[in-house]
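Undergrad: model this:
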Amino acid sequence: MVSQFGSLGYTIMGKTADLTVVQKTIINTLHKEGKPQTFIAKEAGCSQSAVSKHVNRKLSGRKKCGRKRCTTNRENRSLMRIVKQNPFKNLSELHKEWTEAGVKASRATTHRCGRKEFGYSCRIPLVKPLLNHRQRQSRLTWAKEKKNWTVAQWSKVLFSDESKFCISFGNQGPRVWRKGGEAHSPSCLKSSVKFPQSVMIWGAMSSAGVGPLCFLKTKVTAPVYQEILEHFMLPSADQLFKDADFIFQQDLAPAHTAKSTKSWLNDHGVGVLDWPANSPDLNPIENVRGIVKRKMRNKRPKNADELKATVKETWASIPPQQCHKLITSMPRRIEAVIKAKGAPTKY
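TA: Numbers count the residues shown, from 1 in each chain. Predicted structure coming up:
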């Protein structure tokens with residue numbers, strides 16, 4: 001029963017009036033099967049009181065009070081079809097298309113119908129890399145090949161990546177408490193610059209922790225990348241793996257896949273993990289970068305030197321336990337890619 005209803009993903013909390021059609025169906029079905037209300041509430045994604053009120057109201061035969069709906073179930077389903085055809089339409093566009101179909105409803109009714117009847121909410125979309133069919137198939141094939149890898153095997157991988165850190169972190173950071181009319185007060189403003197100072201880094205991590213950072217001053221060409229491997233990748237491997245064997249992970253950037261780079265890695269006896277294109281969700285070092293940026297939210301460096309020092313200090317503060325926890329997520333990442341058939345995952 002958990003697999004039947006738990007995958008629906010409805011988590012709207014509220015009273016009986018706020019229950020969606022799907023939630024009511026789940027409650028009715030499980031109630032007929034004699035399931036306890038706590039179990040029903042968990043499966044339907046609502047409070048136990050909402051389940052109780054819905055069941056008691058239905059058993060008592062009491063009709064719902066309040067103003068009569070101005071739209072029919074058929075008209076509501078037509079709105080759902082409009083949303084599914086293009087979920088990126090704003091409320092005005094949805095309302096216009098719905099009314100053009102002959103439905104007499106206000107903008108508020110359009111919003112309320114989509115939210116309460118079908119559980120739709122207008123959210124900021126997540127940004128994921130664009131994957132073509134060939135790249136999705138490559139990710140899927142790669143994931144199936146690594147499906148049986150254990151955490152111990154992933155712990156032998158040295159993950160690497162280049163990252164950019166700016167003085168300005170966009171809309172991230174602390175909010176401000178202010179009164180009406182203080183929006184333009186200097187004490188309530190958050191400063192921004194058109195071209196913020198930034199630093200580019202190369203870093204590596206494994207289940208044992210993070211390695212030393214390399215701050216990049218020029219564009220990463222094949223010769224520059226080989227210098228990074230010589231002076232930072234090999235020391236990172238010595239620090240994190242001691243004398244044990246390891247596998248090096250890198251993405252498919254041109255400098256990484258150049259013939260001279262492949263020759264350098266081969267000459268130094270470094271085994272390289274095959275890696276699918278456009279797959280940051282498979283690399284746990286991306287999560288390390290996110291952790292560093294979150295820790296830096298309340299630290300506001302004023303120039304590039306302070307930014308560099310802050311990044312270096314924050315990077316070094318990441319404990320090995322946190323890195324190990326990220327490595328243990330690799331089997332789940334692989335499973336998520338297979339389930340998504342190569343499409344982007346939540347990681």
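Undergrad: Show me which positions of whichever strand or helix holds residue 42 end up buried.
TA: Per DSSP states H and E, residue 42 falls inside helix 37-44. By neighbour count with 16 or more other C-beta atoms under 10 Å, helix 37-44 contains the buried residues 37, 40-44. In short, each C-beta sits where N, CA and C put it, glycine included.
Undergrad: What is that helix packed up against?
TA: In this structure, helix 37-44 packs against helix 2-5, helix 21-32, helix 48-60, with contacts taken as 3 or more C-beta pairs under 8 Å, 6 or more residues apart in numbering; DSSP states H and E.
Undergrad: can we see that at 7 Å?
TA: Secondary-structure packing of helix 37-44 (3 or more C-beta pairs under 7 Å, 6 or more residues apart in numbering; DSSP states H and E): helix 21-32, helix 48-60.
Undergrad: Out of those helices, which gets the lowest mean score?
TA: Among the helices and strands packed on helix 37-44, helix 48-60 carries the lowest mean pLDDT, at a mean of 78.
Undergrad: Off-centre distance for whichever helix or strand comes after that helix?
TA: Following helix 48-60 in sequence order, the next helix or strand is helix 73-85 (DSSP H and E). Its chain's C-alpha centre and that of helix 73-85 lie 28 Å apart, by C-alpha atoms, centre = their mean, to the nearest Å.
Undergrad: One more: stretch 334-347?
TA: Worked out by C-alpha atoms, centre = their mean, stretch 334-347 lies 12 Å from the chain centre.
Undergrad: Same check on stretch 123-140?
TA: So, by C-alpha atoms, centre = their mean, the centroid of stretch 123-140 is 13 Å from its chain's centroid.
Undergrad: So what touches it?
TA: Stretch 123-140 is contacted from outside by 276-280, 337-338, 341-344, using C-beta atoms under 7 Å, 6 or more residues apart in numbering.
Undergrad: So residue 71 sits against residue 102, correct?
TA: No - counting by C-beta atoms under 7 Å, residue 71 stays clear of residue 102, with 11.0 Å between them.
Undergrad: Distance of the spatially closest residue to residue 157 that is not a sequence neighbour relative to residue 146?
TA: Excluding its sequence neighbours, the residue lying closest to residue 157 (C-beta to C-beta, 6 or more residues apart in numbering) is residue 247, at 5.0 Å. Using C-beta to C-beta, to the nearest Å, we find residue 247 at a distance of 12 Å from residue 146.
Undergrad: Check residue 42 too.
TA: Distance from residue 42 to residue 146, by C-beta to C-beta: 34 Å.
Undergrad: Kindly report the same for residue 238.
TA: Taking C-beta to C-beta, one finds residue 238 at 26 Å from residue 146.
Undergrad: Neighbour count: those two, which is higher?
TA: Taking other C-beta atoms under 10 Å, residue 238 and residue 146 do not tie; residue 146 has more neighbours (19 against 12).
Undergrad: Tell me the confidence at that one?
TA: Residue 146 is assigned a predicted lDDT (pLDDT) of 95.
Undergrad: Now do it against residue 273, distance only.
TA: 9 Å.
Undergrad: How far does stretch 329-337 sit from its chain's centre?
TA: The chain centre lies 14 Å from the centre of stretch 329-337; the measure is C-alpha atoms, centre = their mean.
Undergrad: Give me the contacts around it.
TA: In contact with stretch 329-337 (C-beta under 7 Å, 6+ apart) are residues 139-140, 143, 146-147, 151, 154, 281-282, 284, 345-347.
Undergrad: With respect to residue 319, which of the residues you listed is nearest?
TA: residue 284 (14.4 Å; C-beta to C-beta).
Undergrad: what's the helix or strand for the closest residue to that closest one other than its chain neighbours?
TA: In space, residue 284 comes closest to residue 326 once its chain neighbours are excluded; the distance is 3.9 Å by C-beta to C-beta, 6+ apart. Using DSSP H and E, residue 326 maps to helix 320-327.
Undergrad: next SSE after that helix?
TA: Once helix 320-327 ends, the next helix or strand along the chain (criterion: DSSP H and E) is helix 330-339.
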